[in-house]
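Chemist: what's the 3D shape of this:
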Amino acid sequence: MFSRIVRNASLPFVCWVVMFSLIPTVACAQNHPKDTEWPSYAADTAGTRYRPLDQINASNFSDLEIAWRIKTDSFGDRPEYKLEGTPLMVNGVLYATAGSRRAVIALDPESGELLWIHGEHEGKRGGAAPRQLSGRGLAYWSDGADERILYVTPGFRLICLDAKTGQRVASFGENGVVDLKLNDDQDIFPDLETGEIGIQSAPVVAKDTVIVGAAFREGMTPKSMRNNKGYVRGFDVRTGRRLWIFHTIPKKGESGYDTWLNGSADYTGNTGVWTQISVDEQLGLVYLPVESPTSDFYGGHRPGKNLFGETLVCVDLKTGERKWYFQLVHHPLWDMDISSAPILADITVDGNPVKAVAQPTKQGFLYVFDRVTGQPVWPMPEKPVEVGTVPGEWYSQTQPIPSKPRAYSRNGVSIEDLIDFTPALRERAKEIASKYHLGPVYTPPTVSKLEGPLGTLTMGTASG
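Modeler: Coordinates of the predicted model:
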């Protein structure tokens, strides 16, 4: 572990750019309107990704100049090549994860001065992590006096830092660290050092609870149908004590276990929450967008609907008790894992106010629910879908299709979608497409044959 305060640091090369040339100097952070800050990954726990800032707009965007630059190559053992982070802006300080070791840095937002840096040396455990590099960010918490920064290392450790100094908070966990591979209601295999489980997203802090999901190896080709499970946990922000755990694959005796036929819940893995989690702090409700089970495009070894795979689950903030759920895809076969944070919004429908949660998806549907009851705001009838012919596969004969709003993107492939710049290109496209299976959303994967079909052409799936 290293942590230090740095003054007058100069890092001349570009990694990411913050532009403040149009924003006047703020003399006192306490005079800052709070709606100009960005204290959570998605701006707030409701997932709005919005702040009412208007100094930069369409009329002056072209006049922006670079105010300062920072390069993070030295914040790890190799240069970053997949920067996905969103910095936080709180009380006049910019906080971010940076570099291949996922260091945490605090910066002066006006000058770019490096105020402090903290990082963990995780050795083989970090090198074996399924989600490496700087990740997507971190979380901030304060009770008005104490200020803390929380983040998860590549090696799956929850770290709590003093926001002013970058030093570990000794009273949190064990000297500022909670090992997330422990106290997880499962034995991580093959061992704690190399076992496949981690997270690249930012933890979420709501009131005094830190919520952490789980993620696994990217690439859609797991080594085995057996894998570690992506449970979601809540921790006390002051002590690091585990408050609750939600089993995204139910254990024997729990509700939903019978949707995994032949005992497949016992060995199937993944089904984590790798994207951002949203929270309604007033209602005390947490919204978990759960991903696909092992594996993305084949589920013959896990017959059944497979709760809570590809399901929006609402749990209690204090206890983790499940309040309601809606499975968007029964028996997932398309890698339609929920990849975006749920959006909490108060809307009016037919003259009636509705506290809504809206879930964007890879399939281009926006699923909208009453966030208290889980009832769909507009009907989502079960509609028949094509049943495939892959040997050993189990298929759901229906899927829920939202009636409103209309899909915001194409989610199937038909002849009408093929290129038509010229008649010759159109005919060539039809010739190529004839070797594949085409259809609307939820057209199943096929067995590849030399004479055709070679596979199923899809929209969404892995690329969203």
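
Chemist: count of residues packed around the closest residue to residue 262 other than its chain neighbours?
Modeler: Nearest non-adjacent residue to residue 262, counting by C-beta to C-beta, 6 or more residues apart in numbering: residue 303, 6.1 Å away. Glycine gets a C-beta too; all of them are placed from N, C-alpha and C. The tally of other residues near residue 303 (other C-beta atoms under 10 Å) stands at 17.

Chemist: right, and residue 303 touches residue 258 too?
Modeler: No: taking contacts as C-beta atoms under 8 Å, residue 303 lies outside contact range of residue 258: 11.5 Å.

Chemist: This structure: helices as residue ranges?
Modeler: 123-127, 423-433 (DSSP state H).

Chemist: Save those as a markdown table, and put in mean neighbour count, mean pLDDT and distance to residue 195 too.
Modeler: Below are the helices of the chain laid out as a markdown table (neighbours: other C-beta atoms under 10 Å; pLDDT from 0 to 100; distance: least, C-beta to C-beta, whole Å):
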| stretch | mean neighbour count | mean pLDDT | distance to residue 195 |
| --- | --- | --- | --- |
| helix 123-127 | 15 | 95 | 9 |
| helix 423-433 | 12 | 96 | 42 |
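
Chemist: low-confidence ranges in the stretch 1-150 of the chain?
Modeler: For the stretch 1-150 of the chain, applying pLDDT under 70 flags the ranges 2-34.

Chemist: circling back: any chance of the helices of the chain in a markdown table, plus distance to residue 323?
Modeler: Below are those laid out as a markdown table (distance: least, C-beta to C-beta, whole Å):
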| stretch | distance to residue 323 |
| --- | --- |
| helix 123-127 | 35 |
| helix 423-433 | 45 |
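
Chemist: closest one to residue 309 among those?
Modeler: Judged by C-beta to C-beta, the one of these that comes nearest to residue 309 is helix 123-127, at 27.7 Å.

Chemist: got the contact list for residue 131?
Modeler: For residue 131, the contacting residues are 154, 198-200, 215, 218, 274, by C-beta atoms under 8 Å, 6 or more residues apart in numbering.

Chemist: Could you give me the ChimeraX syntax to select whichever of those residues are buried?
Modeler: With 16 or more other C-beta atoms under 10 Å as the criterion, this ChimeraX line picks the buried residues out of the contacts of residue 131:
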select :154,198,199,200,215,274
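
Chemist: how about the contacts of residue 131 in a markdown table, adding pLDDT?
Modeler: Shown next, in a markdown table, are the contacts of residue 131 (pLDDT from 0 to 100):
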| residue | pLDDT |
| --- | --- |
| 154 | 97 |
| 198 | 98 |
| 199 | 98 |
| 200 | 96 |
| 215 | 97 |
| 218 | 85 |
| 274 | 97 |
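
Chemist: and which of the contacts of residue 131 is nearest residue 376?
Modeler: residue 274 (24.9 Å).

Chemist: Find me whatever residue is spatially closest to the closest one, sequence neighbours aside.
Modeler: Per C-beta to C-beta, 6+ apart, closest to residue 274 is residue 215, 3.5 Å.

Chemist: If that neighbour is in a bridge, with which residues?
Modeler: As for beta bridges, residue 215 partners with residue 198 under DSSP bridges.

Chemist: Ok, residue 70 next?
Modeler: According to DSSP bridges, beta-bridge pairing links residue 70 with residue 16.

Chemist: now the strands: where do they sit in the stretch 251-400 of the chain?
Modeler: In the stretch 251-400 of the chain, the strands defined using DSSP state E, counting those that start in this stretch lie at 278-280, 285-289, 311-316, 322-327, 343-349, 352-359, 367-370, 382-384, 398-400.

Chemist: now these in a markdown table, with distance to residue 87 and mean neighbour count?
Modeler: Output for those, formatted as a markdown table (distance: least, C-beta to C-beta, whole Å; neighbours: other C-beta atoms under 10 Å):
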| stretch | distance to residue 87 | mean neighbour count |
| --- | --- | --- |
| strand 278-280 | 19 | 24 |
| strand 285-289 | 23 | 25 |
| strand 311-316 | 28 | 22 |
| strand 322-327 | 33 | 18 |
| strand 343-349 | 21 | 14 |
| strand 352-359 | 25 | 17 |
| strand 367-370 | 30 | 21 |
| strand 382-384 | 43 | 11 |
| strand 398-400 | 37 | 16 |
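
Chemist: Dump those strands to a markdown table, plus mean pLDDT.
Modeler: Output for these, formatted as a markdown table (pLDDT from 0 to 100):
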| stretch | mean pLDDT |
| --- | --- |
| strand 278-280 | 98 |
| strand 285-289 | 98 |
| strand 311-316 | 98 |
| strand 322-327 | 98 |
| strand 343-349 | 97 |
| strand 352-359 | 98 |
| strand 367-370 | 98 |
| strand 382-384 | 98 |
| strand 398-400 | 98 |
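
Chemist: Redo those strands as CSV? Include distance to residue 99.
Modeler: As requested, the strands of the stretch 251-400 of the chain are exported to CSV (distance: least, C-beta to C-beta, whole Å):
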stretch, distance to residue 99
strand 278-280, 28
strand 285-289, 28
strand 311-316, 34
strand 322-327, 38
strand 343-349, 31
strand 352-359, 32
strand 367-370, 37
strand 382-384, 47
strand 398-400, 42
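
Chemist: looking at the ones you listed, which is closest to residue 49?
Modeler: Of all the strands of the stretch 251-400 of the chain, it is strand 343-349 that lies closest to residue 49, at 8.2 Å by C-beta to C-beta.

Chemist: chain center to that closest one, what's the gap?
Modeler: The chain centroid and the centroid of strand 343-349 are separated by 22 Å under C-alpha atoms, centre = their mean, to the nearest Å.
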